[in-house]
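Engineer: Have a look at this prediction, sequence included:
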Amino acid sequence: MSEDKDITPNNKEFVVLSVEGYQKLAGIDTSTGKDLYWTTDMDTEIPIKMKLQKNNGHDLLIPKTIPQLFLDNAKNYTDWPSVHAETKKGKWTFWTWGECWNTSFKFARATVAAGISPRSCVNIIGFNCQEWFWIFHGTIMADCIAAGVYTTNNPEACQYVAEHSSCELICVEDEIQLEKYLQILPTLPLVKKIVNWGVDRYETRPHECVMGWQEFLELADQDSNSSDTVKERIENQVPGKCCSIVYTSGTTGNPKGVMLTHDNLHFAIEELIRNFAKTGIEDGRERLVSYLPLSHSAAQVTDILNNLFIRAQIYFARPDALQGTLVDTLIYAKPTIFMGVPRVWEKMEERLKEIGAQSPGIVQKISTWAKGKGTLHSDSKMHGTPKPFGYSLAHFLILGRIKKALGLDECKFHIVTAAPLKTATKDYFKSLDMPMINVYGMSECSGPATISIPGKFKDNTVGYSLDENDLKIDKRDKTEGGEEDEGEICWRGRNNFIGYLNNAEKTRETLDANGYIHSGDIGTKDSEGFVKVTGRIKELIITAGGENVAPVLIEDTLKDICPIISNVMVIGDDKKFLSALVTFKVEVDNSKGLNTPTKQLAPNVLTFLADELDIHDVKTTDEAINNDKIKAYIQSQIEETNKKAISRAQHIRKHMFLATDFSMEGGELTPTLKLKRSVAVQKYADVIAKMYPEEELTAKI
């Protein structure tokens, strides 16, 4: 039996809802049009939507604030290690829960002493590190709102976030990030302080509002009331208010500020932990490596909030982790849980294949045998089938050594998130006895909407919905020729965000009148509750003939069968046929701390060209574009891709090569490496026009 309880805003109680009760807590009261249960204001408390069911297998999660959860750890696990960092190359140190609480609390006191208003926003820009952790938690302790800023943002993008969030305090990593804000400071009248945590103190300030890390913290001791003020603010916080804003990476237009409450984050993490705990999570013994941008919800939840629940130890990677040093950190930390976006796993795959190709023939034969055992063992772990005969020997000879070389020899969960992972890459790691676990979701649901765990897993799906959530398939939106039960994936639950900051229009588009988030993803849900993502509404191509085409499926198919291709972008909106832009896998230039693509073909591409196509004189993308054998090979792979399409409308008829790969620096990729289609279309408009000359002719006529 479930019960409902009425609640009004600005009330510290919480509401218990049955499924029917969600109808009462709609995002919009359609009878009056009054916004009741979502907001665009950082300071509005939103009722907590809890669903209580008998025999649901676990206790009701009582709402708590983030500082309450942090304080529980500081009191009960004072001397346990919390975060680790490499202070010098090869030299690591750690901070305990007690030390982390003290530093975060002191930052909160300094924030009060600096005159930063409660419920105002603090912008944080910098690579993952212990200071990021302390600033984030200290900001929330001071009853302010934490908002991460991508390190790749230019000054104009930084200005947008600061203005949009009404930021009063900015924390930067170093002089490079500081310079961005010094350029735009005259346009930010609300900003009171800029703290550079890469500097202890300034002898000569670049601006009167700029302070070093230590001198900012010392402000706390100059205000005798700051400690009591912070304690009072912590005690008065309520779980239904915003504590963090995650700015979407902006595949279209300006980023939106996703407002997440204490309870949103509390529930999302608790649901993840509760499910993974079924397969052997140990309190205080789990280790994670933090390297994905903390300004993104997935890393925030996994790296600096997850440890509040299981006391997981966090190891911060170097700033150049994605430029080649990540494996060094993995080898030292030996994470038991590792999360990567698809490109990270793909890079690992490429590197391992390069090494494997250089091994003697007998080693390659043994490796092939061992990988067969690895695939069978992955299946046994995920589906509960018996361990294959010969696995122990395969692990000793090959699989264990590969995992150790990656630093993943003690990893229990290999997680992929943020975007779909190619089937070929999934299968490759499966053969190495590293089955991929999907965590699917978006910032608007605090990170996770579905998960998979060993024993509750189905291939080619993104898992099942969080237990207390309600996930449905809205069949009003589906792709042409798609599965019968295909539609938009929608869900509602306690992890749903409370609105986009200062953007009622976009909030209404995402949260419907029944409290469902509309993901924009197309998919199916089977009888066992497993969800499959088949496309994305905003990325759907509508051809001139009216056919709906999901480009990602076509792109992934081509990338799966063509190992020299890095990126593919299918084009065809309002066109008579589909075309594609194609890039090659290349080496990157890290000399300026950026992952900038060069025109030098990647080593694994050169190996493939030599071994499979007998091409030895092509070293650059320009040479590849003009090589007849390579052009013929890629054309053949496009034809193979077309054979797998469900209709002729989904065939790629023309393609053009780009000499430079897509990148964040080039503007085509977001910080989580998603394709910005509108940006690429605009940037390569001249190239695209060459594939549709009849349009130019028609225009002239």
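Structural biologist: Sure, I can see it.
Engineer: how does the chain divide up, domain by domain?
Structural biologist: 88-237, 542-700 (automatic domain parsing).
Engineer: Ok, which of those domains comes nearest T425?
Structural biologist: Proximity to T425, assessed across these by C-beta to C-beta, is greatest for domain 542-700 (8.3 Å). Heads up, the C-betas are built off the backbone N, CA and C, glycines and all.
Engineer: quick one: low-confidence parts of the stretch 151-300 of the chain?
Structural biologist: For the stretch 151-300 of the chain, applying pLDDT under 70 flags the ranges 249-253.
Engineer: now the helices: where do they sit in it?
Structural biologist: 155-164, 175-184, 213-217, 226-236, 262-276, 297-299 (DSSP state H, counting those that start in this stretch).
Engineer: And the stretch 551-700 of the chain, by the same measure?
Structural biologist: Along the stretch 551-700 of the chain, the stretches classed as helices by DSSP H, counting those that start in this stretch are 551-561, 603-612, 621-625, 628-643, 677-683, 685-690, 693-700.
Engineer: The stretch 401-550 of the chain too?
Structural biologist: For the stretch 401-550 of the chain, the helices defined by DSSP H, counting those that start in this stretch cover 423-431, 504-510.
Engineer: With mean pLDDT and mean neighbour count as added columns, please give those in a markdown table.
Structural biologist: Putting those into a markdown table (pLDDT from 0 to 100; neighbours: other C-beta atoms under 10 Å) gives the following:
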| stretch | mean pLDDT | mean neighbour count |
| --- | --- | --- |
| helix 423-431 | 88 | 19 |
| helix 504-510 | 89 | 16 |
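Engineer: ok, now how distant is W132 from H164?
Structural biologist: W132 is 21 Å from H164, where distance means C-beta to C-beta, to the nearest Å.
Engineer: Between these two, point out the one with more neighbours.
Structural biologist: Using other C-beta atoms under 10 Å, the more surrounded residue of W132 and H164 is W132, with 26 against 19.
Engineer: Show me where this structure dips below the pLDDT cut-off.
Structural biologist: 1-37, 50-59, 249-253, 476-484, 545-546, 548, 590-595, 646, 671-672, 694-701.
Engineer: buried ones in stretch 651-670?
Structural biologist: Buried positions in stretch 651-670, judged by neighbour count with 16 or more other C-beta atoms under 10 Å: 651-652, 655, 657-658, 661-664, 666, 668-670.
Engineer: how long is that stretch end to end?
Structural biologist: Start-to-end span of stretch 651-670 (C-alpha to C-alpha, to the nearest Å) is 27 Å.
Engineer: distance between that stretch and the chain's centre?
Structural biologist: Relative to the chain's own centre, stretch 651-670 is displaced by 21 Å; criterion: C-alpha atoms, centre = their mean, to the nearest Å.
Engineer: ditto for stretch 505-513
Structural biologist: Stretch 505-513 sits 22 Å away from the centroid of its parent chain (C-alpha atoms, centre = their mean).
Engineer: What of stretch 374-389?
Structural biologist: Counting by C-alpha atoms, centre = their mean, stretch 374-389 comes out at 29 Å from the chain centroid.
Engineer: could I have that stretch exported to CSV, CA atoms only?
Structural biologist: Extracted in CSV, the C-alpha atoms of stretch 374-389 (Å, rounded to 0.1, in the frame of the first residue of the first chain):
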residue,chain,number,x,y,z
GLY,A,374,38.2,-14.3,-22.4
THR,A,375,35.0,-13.8,-24.3
LEU,A,376,33.5,-17.0,-22.8
HIS,A,377,34.6,-15.8,-19.3
SER,A,378,33.1,-12.4,-19.8
ASP,A,379,29.8,-14.1,-20.7
SER,A,380,30.0,-16.3,-17.6
LYS,A,381,30.5,-13.2,-15.4
MET,A,382,27.7,-11.2,-16.9
HIS,A,383,25.2,-14.0,-17.4
GLY,A,384,26.1,-16.4,-14.5
THR,A,385,27.2,-19.3,-16.7
PRO,A,386,30.0,-21.7,-15.8
LYS,A,387,33.6,-20.5,-16.1
PRO,A,388,35.1,-22.0,-19.3
PHE,A,389,37.7,-24.7,-19.2
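Engineer: Let me have the helices of the stretch 401-550 of the chain in JSON lines, extended by distance to D614.
Structural biologist: Shown next, in JSON lines, are the helices of the stretch 401-550 of the chain (distance: least, C-beta to C-beta, whole Å):
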{"stretch": "helix 423-431", "distance to D614": "23"}
{"stretch": "helix 504-510", "distance to D614": "53"}
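Engineer: what about F396, how many residues close to it?
Structural biologist: Neighbours of F396 under the rule other C-beta under 10 Å: 11.
Engineer: Could you pick out the longest helix of this structure?
Structural biologist: The residue-count maximum for a helix in the chain (DSSP state H) belongs to helix 361-383.
Engineer: Can you name every helix or strand that it contacts?
Structural biologist: Counting contacts by 3 or more C-beta pairs under 8 Å, 6 or more residues apart in numbering; DSSP states H and E, helix 361-383 packs against helix 391-394, helix 423-431.
Engineer: Save those helices as JSON lines, and put in distance to S519 too.
Structural biologist: Output for the helices and strands packed on helix 361-383, formatted as JSON lines (distance: least, C-beta to C-beta, whole Å):
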{"stretch": "helix 391-394", "distance to S519": "38"}
{"stretch": "helix 423-431", "distance to S519": "21"}
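Engineer: So for L265, which of these sits nearest?
Structural biologist: L265 lies closest, by C-beta to C-beta, to one member of the helices and strands packed on helix 361-383: helix 423-431, at 28.9 Å.
Engineer: between the helices of the stretch 401-550 of the chain, which gets nearest to S227?
Structural biologist: Closest approach to S227 among the helices of the stretch 401-550 of the chain is made by helix 504-510 (37.4 Å; C-beta to C-beta).
Engineer: sorry, back to before: which of the domains of the chain has the highest mean neighbour count?
Structural biologist: Ranked by mean neighbour count under mean count of other C-beta atoms under 10 Å, those are led by domain 88-237, which reaches a mean of 19.
Engineer: can you put the domains of the chain in TSV and add distance to S367?
Structural biologist: Putting those into TSV (distance: least, C-beta to C-beta, whole Å) gives the following:
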stretch	distance to S367
domain 88-237	31
domain 542-700	16
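Engineer: To E350, which of these lies closest?
Structural biologist: Proximity to E350 (C-beta to C-beta) singles out domain 542-700 among the domains of the chain, at 5.1 Å.
Engineer: where does the closest one sit relative to the chain's centre, distance-wise?
Structural biologist: Taking C-alpha atoms, centre = their mean, one finds domain 542-700 lying 24 Å from the centre of the chain it belongs to.
Engineer: about what we covered before: G535 is nearest to which of the helices of the stretch 551-700 of the chain?
Structural biologist: Among these, helix 551-561 sits nearest to G535 (C-beta to C-beta), with 6.2 Å.
Engineer: List the contacts of the closest one.
Structural biologist: The contact list for helix 551-561, computed with C-beta atoms under 8 Å, 6 or more residues apart in numbering, reads 420, 422-424, 534-536, 539-541, 565-570, 572, 578, 580, 637-638, 640-641, 644-645, 650, 652.
Engineer: Dump the helices of the stretch 551-700 of the chain into TSV; add distance to S380 as well.
Structural biologist: Shown next, in TSV, are the helices of the stretch 551-700 of the chain (distance: least, C-beta to C-beta, whole Å):
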stretch	distance to S380
helix 551-561	25
helix 603-612	30
helix 621-625	42
helix 628-643	32
helix 677-683	40
helix 685-690	48
helix 693-700	55
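Engineer: So which of these is nearest R318?
Structural biologist: helix 603-612 (22.9 Å).
Engineer: mind saving the C-alpha coords of the closest one as CSV?
Structural biologist: Extracted C-alpha coordinates of helix 603-612, given in CSV (Å, rounded to 0.1, in the frame of the first residue of the first chain):
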residue,chain,number,x,y,z
PRO,A,603,50.6,4.0,-36.4
ASN,A,604,47.8,1.5,-36.5
VAL,A,605,46.5,3.0,-39.7
LEU,A,606,50.0,2.7,-41.3
THR,A,607,50.2,-0.9,-40.1
PHE,A,608,46.8,-1.7,-41.7
LEU,A,609,47.7,0.0,-44.9
ALA,A,610,50.9,-1.9,-45.2
ASP,A,611,49.6,-5.3,-44.2
GLU,A,612,46.1,-5.3,-45.7
